[in-house]
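Participant: Fold the following, please.
(chains A and B)
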Protein chains: 2
Amino acid sequence: MAERFELVEKALMLMLEEKKYSTLRDILITMNPSDVAGLFSGLDERQIALLYRLLPKELAAETFVEMEPDAQKLLIQGFSDNELKDVLDELYVDDAADLVEEMPANVVKRILQQVDPEMRSSINQILRYPENSAGSIMTTEYVSLRPNMTVGEAILRIRRQGVDKETIYTCYVLGNDRTLVGLVTVKDLLLAEDDDDKIEDIMITNLISVTTRTDQEEVAQMFSKYNFLALPVVDGENRMVGIVTFDDAMDVMEDEATEDMEIMAAMTPSEKTYLKSTPMDLFKHRIPWLLLLMVSATFTGLIISSFENALSMLPVLTAFIPMLMDTGGNCGSQSSVTVIRALSLNELKFGDLAKVVWKEIRTAVLCALCLAAVCFLKILLVDRLLMGNANVSLLVDAAVCLTLAVTVLMAKVVGCTLPMVAKAMHLDPAVMASPFITTIVDALSLLVYFMFAKTLLGV
Amino acid sequence: MAERFELVEKALMLMLEEKKYSTLRDILITMNPSDVAGLFSGLDERQIALLYRLLPKELAAETFVEMEPDAQKLLIQGFSDNELKDVLDELYVDDAADLVEEMPANVVKRILQQVDPEMRSSINQILRYPENSAGSIMTTEYVSLRPNMTVGEAILRIRRQGVDKETIYTCYVLGNDRTLVGLVTVKDLLLAEDDDDKIEDIMITNLISVTTRTDQEEVAQMFSKYNFLALPVVDGENRMVGIVTFDDAMDVMEDEATEDMEIMAAMTPSEKTYLKSTPMDLFKHRIPWLLLLMVSATFTGLIISSFENALSMLPVLTAFIPMLMDTGGNCGSQSSVTVIRALSLNELKFGDLAKVVWKEIRTAVLCALCLAAVCFLKILLVDRLLMGNANVSLLVDAAVCLTLAVTVLMAKVVGCTLPMVAKAMHLDPAVMASPFITTIVDALSLLVYFMFAKTLLGV
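Facilitator: The predicted structure is shown next:
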């Protein structure tokens, strides 16, 4: 399917190059705006303008919304004032606000000059809300009804007002002062017994709403929990200010998952897609964490240095350090990633800490027994008998496997505890993932290793 | 908000214990079914039955759908045949199919006895599709229209048929043989100029559909790309068989992100939530990977063993091994996680491999220069001057930093290449994340380390 689509893309680009504009146009008008927008990535300025002008007005505007910011900027810079106004008139307020946020100052100035005053004030309102808040992702266009309307009147109002609302399927019932008092769905209206029924009699009044300051991640969670098409956004006095629609919530869910993965892999989250990021962008997002973690590894180095004598008396001990460190790191990251994900899906809260630690300890005991047993046999059979390394005595084997068991236990406890503590301290739990845990567990496991070596082997 | 909700939950549980049933019921009926369902987790069998019987019929059914499988099973086992039939009559077909999939055989038998024959055959149809396919998550209930209907007739049909359809907002226009020929939205119908307009004149015909076998992850990606409320599912002959709705796509998106994170942290993905998993469940999902990775670390051990003489001649070299291994692992996992996420969001394809490798090489050069410079100074100032460790000569410092630079380069190239190769081989790229990359990079970096040590220090 994806492969077939690439072929279509190539054929269309060929038509553009060969100037077969009318055939190209005939195909474009049968396509979904999101797919048309995909064609623009990778084109140069001249081609972008050429392709865009082939689109009929409405498709052009719908395509524009779905395009990458870079292509949007090039287009706007080439637009006449009238062309710009045509596009802006077709945009929903939340898309217009996104556009304003992405564009450089000189482009923003032209945009704000061309939109009508009502939209300008809505855009400004949305941009005033903190980033990542419900206010910043909402749209101010929705269908509002009054409690004393009849079903028939409500349907008429939707027919008159609906054209430029992002969704008409959930309508909000506002009392005096624009207070949110209820909602009705178009399904309720269509299936109502009688056109003369009053809205206040059929509306749903046990409402779930968010405020303009609710975090967007919480908003997305509510969509996935309640399966809403739209969620009303109110101010501190329960006055309706806008709605968030399910498609915006989906984007938030995807972005938040990407962000969590980036943080877990020790990167600062990036707004740009991978192909749009320059090496310098990637460098800036990665280097601070690499430096921090590299310098933290100094402690591990210090521990090894202080046991230098032991290691030179029994050099074979060194060979097992990577295995102990890696296994500890892997065990820790299993626990931390599981807990981080459960926290961000609201399956866990800080109050569950004792339950989580107890569960991880029991899991760790199982893992530790199994790993230590396999490791003991492996060292005995492979290192001692197969490779004939006489330095690997049974006592060395025992010291390694005891260290392994204790490391697994420590790694799992540290791995599940730190993210929950971070959450309780209102830090992002995702920071407490593999790289961070690994650094801590490395140091701990080396200390344990040398302790066992001292006790069992007397080095 | 979440904290406030916990207080409400506690208050309600107190009412249940104190048998204040009518007050409890009055509060329950104002709540959203998803929230009511949340109350059931953690209750015992008797309390579950008691609480459930307080709910009015419709709320009871809506709540039932949102409950955890364990509680559902307990309830069904306590239901009379009539009670069971009442609940099943209220379920949508896809929810009923999910229920049948979750329940043990004896419960399934009772369920299939109580549903009406039409639903039974739909459930069986859905269960026949492969797991994780569009067929397995679709519902067979949707509003279908004929091309020659008028807008007025279509609205009438929706009013008559809509009650038990999961969504009425997108209606599918079917030709002969149930072939999918177009779609109209309720918005189009309500905003149509004239009730006598023909459906075939206003319907959208450039349709995007999936087949029953399309992978659910691809389906979810299409929702996030196109912002659909529902997506039609057709068979090989373009005959309409069902629809997937946006709420199911959201669940898939969330599940797939969780699955990717679990695989990236070297775990077999689990269907159960963390709190529902026993330590034995967790153990089974984690131990195979731990064993595999532990045994792979044998190679790293072998490399160290074979350079035992070098290490005993210059023991200070050992102290830098953890730092080199950790930094290599972190660099590799940054690249691999970035690429894995971009692949699963369809931002990258295998054809981009050269572009990706080139970008990672340039990023790696920047990171390597910066890390090596900082490391050189750190070793000079801290290890040599501050700690007064005379063994750390300038040449040792140089060997460590050169190794670091080469390791960073290798880690980034391996980290970005392996997930893309996995994708091209139709394996899950997420397997090629941190733990796997770390094991490879560890071995490579040690080889480079000892090579530099040999050349520069003559050990």
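
Participant: all strands of the stretch 101-250 of chain A, in order?
Facilitator: A:144-145, A:170-174, A:180-185, A:210-211, A:230-234, A:240-245 (DSSP state E, counting those that start in this stretch).

Participant: possible to save these as CSV with distance to chain B?
Facilitator: C-betas here are computed from N, CA, C, even on glycine. CSV is the format used below for the strands of the stretch 101-250 of chain A (distance: least, CB to the nearest CB, whole Å):
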stretch, distance to chain B
strand A:144-145, 14
strand A:170-174, 10
strand A:180-185, 9
strand A:210-211, 8
strand A:230-234, 11
strand A:240-245, 8
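
Participant: residue contacts, A:Thr185?
Facilitator: A:169-171 (CB atoms under 8 Å, 6 or more residues apart in numbering or on different chains).

Participant: Could you rank these by neighbour count and give me the top one?
Facilitator: The residue in those with the most neighbours, by other CB atoms under 10 Å in any protein chain shown, is A:Cys171 (29 neighbours).

Participant: how far does the helix or strand bottoming out on mean pLDDT in chain A sit from the chain's center?
Facilitator: Taking mean pLDDT, DSSP states H and E as the measure, chain A has helix A:2-17 as its least confident helix or strand, at a mean of 76. Centre-to-centre, helix A:2-17 and its host chain are 31 Å apart (CA atoms, centre = their mean, to the nearest Å).

Participant: Check stretch A:75-87 too.
Facilitator: With CA atoms, centre = their mean, you get 33 Å for stretch A:75-87.

Participant: May I have the distance across it, first residue to last?
Facilitator: One end of stretch A:75-87 to the other measures 11 Å (CA to CA, to the nearest Å).

Participant: residues of it that come out buried?
Facilitator: A:75-76, A:79, A:83-84, A:86-87 (16 or more other CB atoms under 10 Å in any protein chain shown).

Participant: what does stretch A:450-459 give?
Facilitator: In stretch A:450-459, counting by 16+ other CB under 10 Å, buried: A:450, A:452-453, A:456-457, A:459.

Participant: With distance to A:Gly388 added, can I get the residues you listed in CSV?
Facilitator: Shown next, in CSV, are the buried residues of stretch A:450-459 (distance: CB to CB, whole Å):
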residue, distance to A:Gly388
A:Phe450, 26
A:Phe452, 24
A:Ala453, 22
A:Leu456, 22
A:Leu457, 20
A:Val459, 22
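
Participant: Out of these, which sit inside helices?
Facilitator: Those of the buried residues of stretch A:450-459 mapping onto helices are A:450, A:452, per DSSP state H.

Participant: if we can go back for a sec, continuing past the least confident helix or strand of chain A, what's the next helix or strand?
Facilitator: helix A:21-28 (DSSP states H and E).

Participant: Select the longest helix from chain A.
Facilitator: helix A:394-424.

Participant: Return the set of buried residues in that helix.
Facilitator: Buried residues in helix A:394-424 (16+ other CB under 10 Å): A:396-420, A:422-423.

Participant: Same question for stretch A:17-30.
Facilitator: For stretch A:17-30, by 16+ other CB under 10 Å, it's A:24-25, A:28.

Participant: Using PDB, write out the CA atom coordinates for it.
Facilitator: In PDB, the C-alpha atoms belonging to stretch A:17-30 read as follows (Å, rounded to 0.1, in the frame of the first residue of the first chain):
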ATOM      1  CA  GLU A  17       8.300  18.100 -15.000                       C
ATOM      2  CA  GLU A  18       6.800  17.300 -18.400                       C
ATOM      3  CA  LYS A  19       4.300  20.100 -18.000                       C
ATOM      4  CA  LYS A  20       1.200  17.800 -18.400                       C
ATOM      5  CA  TYR A  21      -0.700  20.200 -16.200                       C
ATOM      6  CA  SER A  22      -4.300  19.300 -17.100                       C
ATOM      7  CA  THR A  23      -3.800  15.500 -16.600                       C
ATOM      8  CA  LEU A  24      -2.000  16.300 -13.300                       C
ATOM      9  CA  ARG A  25      -4.900  18.500 -12.200                       C
ATOM     10  CA  ASP A  26      -7.500  15.800 -13.000                       C
ATOM     11  CA  ILE A  27      -5.700  13.400 -10.800                       C
ATOM     12  CA  LEU A  28      -5.000  15.900  -8.000                       C
ATOM     13  CA  ILE A  29      -8.700  16.700  -7.500                       C
ATOM     14  CA  THR A  30      -9.400  13.000  -6.800                       C
END
